[in-house]
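Student: Fold the following.
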Amino acid sequence: MSFRSKKKLDVPEGVRLEGRRFRSASQNGEAEYICWRFSVMDMDGPFSFAGMKARTWRRILEKMRQWDSMTWQELTGDDNHAIPVERLSHEAQSRLIEIGQDDIDEIFSLRMTGRERLIGIRDRHIFRVLWWDPEHHVCPSHKKHT
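Tutor: This is a model prediction of the structure:
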């Protein structure tokens, strides 16, 4: 006759046991490296990628490659942050409705330069590239030089 020991496992705080696997209680992807998706990229409208010069594409891809080696925890801060949809310009909110992305609560802004932003939708560790905002019009700032 065999029986299983009822020995209790020493589980770190903030981690729960699910089945036989340890699983973090936090599933927000903060400790994960950023991952890119392009399926919702807007190719029309005021913040589209259409007609962009090759030099600009190259700068964006070089910056994305730099960010690619960072976790969300390292990436997120003053320059790169979430923005609630209600803070977006009227034009940006209208465009979200037009492209069927109006079911989100926030977008995520990645700063390229003083004004330029790469805008996307964050889903845990995945950044779904949505818009190119070269003039900071998606969510206008009242700060100097932005």
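
Student: Mind picking out the helix or strand in the protein with the poorest mean pLDDT?
Tutor: Ranked by mean pLDDT, DSSP states H and E, the helix or strand of the chain with the weakest confidence is strand 21-24, at a mean of 44.

Student: After that one, which helix or strand is next?
Tutor: Reading on from strand 21-24 to the C-terminus, the next helix or strand found by DSSP states H and E is strand 35-37.

Student: Buried residues of that following strand, list them for me.
Tutor: Neighbour counts over strand 35-37 (16 or more other CB atoms under 10 Å) mark no residue as buried. Where you see a C-beta, it was placed from the backbone N, CA and C, and this is true even at glycine.

Student: What strands flank that strand, and is each parallel or antiparallel?
Tutor: Strand 35-37 has its sheet partners listed here by DSSP bridges as strand 126-133 (parallel).

Student: Buried ones in the strand it pairs with, by neighbour count?
Tutor: Here strand 126-133 shows 127-133 as buried, counting by 16+ other CB under 10 Å.

Student: Show me where this structure has its strands.
Tutor: According to DSSP state E, the chain carries its strands in the segments 15-18, 21-24, 35-37, 81-84, 106-111, 117-123, 126-133.

Student: Rebuild those strands as CSV, extending it with distance to Asp68.
Tutor: Below are the strands of the chain laid out as CSV (distance: least, CB to CB, whole Å):
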stretch, distance to Asp68
strand 15-18, 27
strand 21-24, 22
strand 35-37, 7
strand 81-84, 19
strand 106-111, 12
strand 117-123, 13
strand 126-133, 10
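
Student: By mean pLDDT, show me the worst of these.
Tutor: Across the strands of the chain, strand 21-24 has the smallest mean pLDDT, namely a mean of 44.

Student: Who are the contact partners of Gly45?
Tutor: By CB atoms under 8 Å, 6 or more residues apart in numbering, Gly45 lies in contact with 95, 98-99.

Student: again, 10 Å this time
Tutor: 91-92, 94-96, 98-99, 131 (CB atoms under 10 Å, 6 or more residues apart in numbering).

Student: Mind giving me the ChimeraX select for these, buried ones only?
Tutor: Command for ChimeraX that selects the buried part of those, burial taken from 16+ other CB under 10 Å:
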select :92,95,96,99,131
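
Student: where are the low-confidence patches of the chain?
Tutor: 1-27, 143-146 (pLDDT under 70).
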